[in-house]
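> After the sequence you'll find the predicted model.
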Amino acid sequence: MKILSAKQIYKAHQATITNQQITELDLLERAGLQIFNWMHMRMQGAQVKIHIFNGIGNNGGVGLVLARHLLEHGYNVANYVVNYSKKRTDGFLKNYDRVKKLKQWPVLLNEASEFPTDITADDIIVDAIFGIGLNRGTTNLVNNLFAHLNAIKAFKLAVDIPSGLYSNKVPNNLDHVLRVNYTLAFQSPKMCFFLPETAIFTEQWEVLDIGLDPEFMHAAFGAQLIAKPEVLPMYRMREKFANKFTYGHSLLIGGSYGKIGSIQLASKAALVSGCGMVSALVPECGYNVLQSSFPELMVQNSSNNKLLNEIQPKGHFNVIGIGCGMGTDEITQKAFESFIESNTLPLVIDADGLNCLSRNTELLSKLPEMSILTPHKAELERLIGSWTNDFEMLKKAKDFSTQYDCILVLKDAITITVYHKEVFINTTGNTALATAGSGDVLTGIITGLLAQGYDPLSACMFGVYLHGKTADIGLQDTGYQSFIASDIINYLPDAYMDLFKQPEQPTPAEEQAE
Ligand SMILES: NC(=O)C1=CN([C@@H]2O[C@H](COP(=O)(O)OP(=O)(O)OC[C@H]3O[C@@H](n4cnc5c(N)ncnc54)[C@H](O)[C@@H]3O)[C@@H](O)[C@H]2O)[C@H](O)CC1
Ligand SMILES: [K+]
């Protein structure tokens with residue numbers, strides 16, 4: 001699924017109106033009816049009070065369509081118009097007239113003293129105040145209304161986007177945004193749902209199909225959401241006459257005294273991801289630990305007991321994952337620099353590998369093409385410098401990726417992969433992954449996939465997807481708190497198997513009951 005900007009969505013409306021020979025009003029009707037169907041299916045006529053707050057643009061127009069259908073179906077509706085501007089759109093005005101014909105005049109809200117005070121925690125609030133048309137800071141009337149509604153614990157449902165948010169930039173004042181429980185976005189989720197500063201304003205979101213022109217949607221360039229339909233075609237079948245050499249040899253380099261576990265996790269993850277053979281290169285203190293931790297692993301060590309003082313791997317490898325638990329001691333920094341100078345193998349660089357790169361940015365132009373860098377927020381900042389908001393961060397990440405021809409896997413609650421101008425947003429995972437060693441395991445999985453022959457971008461998208469999926473599956477057994485990095489590896493087989501699971505079919509008895 002693609003994420004389009006507001007500008008692209010307006011163009012999609014125009015293409016749809018032209019190609020399907022419909023009016024803008026028809027499109028608003030479709031949108032409002034979709035929201036009505038969504039609510040009606042869940043509420044089945046329940047007499048919960050629904051407070052609909054409509055703006056004076058087309059988002060408000062959709063809210064008024066919804067209000068009309070709810071009223072016609074006997075729902076308990078309180079309908080308001082937030083009178084923030086005299087410039088009403090045609091889509092608002094026509095739907096305003098239609099709802100008035102039902103003898104249900106919306107209440108005009110011109111000042112804070114007119115805000116309803118009877119909304120309870122058991123009611124529903126529908127936010128149709130602003131959609132993607134917000135183009136400047138909001139007025140006092142609107143800000144006061146946001147504060148009034150934010151203080152009420154009622155379930156809040158946003159039409160298209162929580163009011164106060166822009167689809168593609170961060171508002172100047174984040175106090176002037178409505179916080180909602182659920183957003184029903186038309187045709188395309190908005191980029192602001194995925195970046196940490198603005199993602200917090202909607203707990204959940206869902207896309208409603210309003211039949212926008214498929215050709216336009218297909219041709220439009222935008223960030224992509226990565227879910228099962230996107231990763232399934234990436235999956236590489238195992239060959240019948242394969243041997244361990246068919247699936248590559250990964251080398252994981254890193255670890256330091258007290259942090260050997262990071263390489264243990266990364267190596268094991270590479271192996272369980274399906275890599276044919278895995279080796280590790282660690283300081284001497286890690287040798288016995290790793291040799292006795294799992295027998296499938298081959299281990300080599302540097303001469304220094306506690307730190308990697310030389311990085312000169314011996315053997316034939318397809319891919320190297322470097323940096324986990326490595327430390328940034330001066331001796332390790334030197335060893336890392338000379339390793340990068342001479343290395344020609346594909347690289348996955350994580351943690352202290354990234355920190356060593358940040359300390360000597362001349363190394364960046366010496367990385368093999370499409371090297372994979374997997375920074376979390378602090379590591380990213382060291383690499384690309386600071387940013388003033390998340391959209392600027394994304395732009396800087398794209399520029400960096402283009403300049404050094406590398407792939408950035410931006411690890412966060414929602415992990416985003418960036419390659420040049422392309423952006424891929426992962427859809428799996430949950431807060432159970434916020435646990436020590438989670439990143440080491442991801443490095444191992446991506447390294448293992450690369451070694452098996454996945455192309456670098458697929459290795460990132462598929463690896464991040466599988467990593468997240470383990471937490472979605474494991475959660476049922478471990479809960480959020482007790483899921484640890486080793487569990488990511490334990491549930492990796494389930495994440496693979498889940499790719500081929502068919503949705504559950506109803507039993508014959510269930511079918512008959514329907
Ligand atoms: N157009 C269509 O065919 C469809 C639209 N859909 C829905 O409509 C909104 C977008 O509607 P639009 O009228 O462009 O914008 P808004 O409703 O968000 O209204 C904003 C309105 O107010 C003006 N404005 C902008 N910022 C401010 C401000 N800070 N203070 C005061 N006024 C402001 C602006 O000029 C607009 O006129 C979209 O999200 C959908 O919900 C449907 O998708 C169906 C097709
Ligand atoms: K809205």
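Looks like it arrived, so ask away. Ligands and ions are numbered 1, 2, ... in the order given.
> list the buried ones in stretch 375-395?
For stretch 375-395, a neighbour-count test (16 or more other CB atoms under 10 Å) marks Pro375, His376, Glu379, Leu380, Arg382, Leu383, Ile384, Asp390, Phe391, Met393, Leu394 as buried. Using the backbone N, CA and C atoms, a C-beta is placed for each residue, glycine as well.
> Verify the stated contact: the first one with Cys406.
No. With contact defined as CB atoms under 8 Å, Pro375 and Cys406 do not form a contacting pair (10.9 Å).
> For the stretch 301-450 of the chain, which segments are assigned as strands?
Assigned by DSSP state E, counting those that start in this stretch, the strands in the stretch 301-450 of the chain fall at 319-322, 347-349, 371-373, 406-410, 416-419, 422-426.
> So which of the buried residues of stretch 375-395 is the closest to Lys334?
Arg382 (18.7 Å; CB to CB).
> can you give me the strands for the stretch 151-300 of the chain?
Along the stretch 151-300 of the chain, counting by DSSP E, counting those that start in this stretch, strands occupy 155-159, 180-186, 202-208, 223-226, 249-253, 277-282, 298-301.
> would a markdown table of the strands of the stretch 301-450 of the chain with mean neighbour count and distance to Phe400 be doable?
Below are the strands of the stretch 301-450 of the chain laid out as a markdown table (neighbours: other CB atoms under 10 Å; distance: least, CB to CB, whole Å):
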| stretch | mean neighbour count | distance to Phe400 |
| --- | --- | --- |
| strand 319-322 | 29 | 19 |
| strand 347-349 | 29 | 13 |
| strand 371-373 | 25 | 9 |
| strand 406-410 | 24 | 7 |
| strand 416-419 | 23 | 8 |
| strand 422-426 | 21 | 13 |
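> closest one to ligand 1 among those strands?
strand 422-426 (20.4 Å; CB to the nearest ligand atom).
> How about residues contacting the closest one?
Residues from elsewhere that reach strand 422-426 (CB atoms under 8 Å, 6 or more residues apart in numbering): 3, 194, 223-226, 394, 398, 414-418, 457, 460-461, 464-465, 468.
> how far off strand 406-410 does it point, in degrees?
30 degrees (axes from the mean of the first three to the mean of the last three CA atoms, to 10 degrees).
> quick one: average pLDDT of strand 422-426?
The pLDDT scores in strand 422-426 average 98.
> Listing partners with orientation, what would you give for it?
strand 223-226 (parallel), strand 416-419 (antiparallel) (DSSP bridges).
> who in this structure is up against ligand 1?
Contact residues (CB under 6 Å from any ligand atom) of the chain with ligand 1: 13, 24, 27-28, 31, 55, 57-60, 62, 84-85, 89, 130-139, 159-160, 186.
> And the helices in the stretch 251-400 of the chain?
260-272, 287-293, 330-342, 351-359, 377-384, 390-404 (DSSP state H, counting those that start in this stretch).
> Compute the distance between Ile331 and His218, please.
54 Å (CB to CB, to the nearest Å).
> same question but for Ser167, I mixed them up
In terms of CB to CB, Ser167 sits 20 Å off from His218.
> tell me the phi and psi of the closest residue to Thr16 other than its chain neighbours?
Using CB to CB, 6 or more residues apart in numbering and skipping residues adjacent in sequence, the residue nearest Thr16 is Asp213, 4.4 Å away. Dihedral pair for Asp213: phi -50, psi 110, per degrees, to the nearest 10.
> and Asp213, what does it touch?
Ala12, Ala15, Thr16, Asn19, Gln20.
> Pull out the buried residues from those.
Looks like these have Ala12, Ala15, Thr16 buried, using 16+ other CB under 10 Å.
> Count the neighbours of Ser482 for me.
12 (other CB atoms under 10 Å).
> you'd agree it is in a helix?
No. Using DSSP: H, G, I helix; E, B strand; the rest coil, the assignment for Ser482 is coil, not a helix.
> Next, work out how far apart it and Ala266 are.
22 Å.
> again, but for Lys100
Lys100 is 65 Å from Ala266, by CB to CB.
> Looking at the two, which is more packed in?
Neighbours were counted for Lys100 and for Ala266 using other CB under 10 Å; Ala266 has more, 38 against 14.
> which non-adjacent residue is nearest the more buried one?
Ala266's closest residue in space is Gly444 (CB to CB, 6+ apart), at 3.7 Å.
> ok, the one you found - contacts?
Applying CB under 8 Å, 6+ apart, the residues near Gly444 are Ser250, Leu252, Leu265, Ala266, Ser267, Lys268, Ala269, Ala270, Ser273, Gly321.
> near ligand 2 at all, stretch 163-174?
Yes. Counting by CB under 5 Å from the ion, ligand 2 has neighbours in stretch 163-174: Ser163.
> Give the buried residues for that stretch.
Ser163, Gly164, Leu165, Tyr166, Ser167, Asn168, Lys169, Val170, Pro171.
> Now do the contacts for Gln300.
Applying CB under 8 Å, 6+ apart to Gln300 gives the contacts Ser279, Ala280, Leu281, Val282, Pro313, Lys314, Gly315.
> Dump these to JSON lines, plus neighbour count and pLDDT.
Output for those, formatted as JSON lines (neighbours: other CB atoms under 10 Å; pLDDT from 0 to 100):
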{"residue": "Ser279", "neighbour count": "22", "pLDDT": "98"}
{"residue": "Ala280", "neighbour count": "30", "pLDDT": "98"}
{"residue": "Leu281", "neighbour count": "28", "pLDDT": "98"}
{"residue": "Val282", "neighbour count": "28", "pLDDT": "98"}
{"residue": "Pro313", "neighbour count": "19", "pLDDT": "96"}
{"residue": "Lys314", "neighbour count": "9", "pLDDT": "96"}
{"residue": "Gly315", "neighbour count": "11", "pLDDT": "95"}
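> and which of those is nearest to Met237?
Ser279 (25.7 Å).
> residues contacting the closest residue to the closest one other than its chain neighbours?
Among residues not flanking Ser279 along the chain, Met298 sits closest, at 4.3 Å (CB to CB, 6+ apart). The contact partners of Met298, taken as CB under 8 Å, 6+ apart, are Met277, Val278, Ser279, Ala280, Gly315.
> and which of those residues is nearest ligand 1?
Checking those against ligand 1 with CB to the nearest ligand atom, the nearest one is Val278 at 49.7 Å.
> So that closest one sits against Gly448, correct?
Yes. Here Val278 reaches Gly448: they are 7.3 Å apart, a contact under CB under 8 Å.
> what touches both of the two?
With CB under 8 Å, 6+ apart as the test, Val278 and Gly448 both reach Ser250, Ala270, Leu271.
> about what we covered before: tell me which of the strands paired with strand 422-426 approaches ligand 2 most closely.
Proximity to ligand 2 (CB to the ion) singles out strand 223-226 among the strands paired with strand 422-426, at 20.7 Å.
> coming back round to it: closest one of the buried residues of stretch 375-395 to Thr361?
Leu383 (8.1 Å).
> distance of that closest one from Ile349?
From Leu383 to Ile349 the distance is 10 Å (CB to CB).
> Between the two, which contacts overlap?
Common neighbours of Leu383 and Ile349 (CB under 8 Å, 6+ apart) are Leu357, Leu373.
> And the contacts of stretch 280-290?
Contacts for stretch 280-290 (CB under 8 Å, 6+ apart): 251-257, 260, 263-264, 267, 297-309, 311, 313.
> can you tell me the distance between the two ends of it?
End-to-end distance for stretch 280-290: 8 Å, by CA to CA, to the nearest Å.
> how close does the residue in the stretch 351-500 of the chain positioned nearest to ligand 2 sit to ligand 1?
Nearest to ligand 2 in the stretch 351-500 of the chain, going by CB to the ion, is Phe391, at a distance of 19.6 Å. Phe391 sits 18 Å away from ligand 1, taking CB to the nearest ligand atom, to the nearest Å as the criterion.
> Equivalent analysis for Val441, please.
40 Å.
> Next up, the contacts around that residue.
Residues counted as contacts of Val441 (CB under 8 Å, 6+ apart) are Leu265, Ala266, Ala269, His467, Ala485, Ile488, Ile489.
> 6 Å instead?
Counting by CB atoms under 6 Å, 6 or more residues apart in numbering, Val441 touches Leu265, Ala269, Ala485, Ile488.
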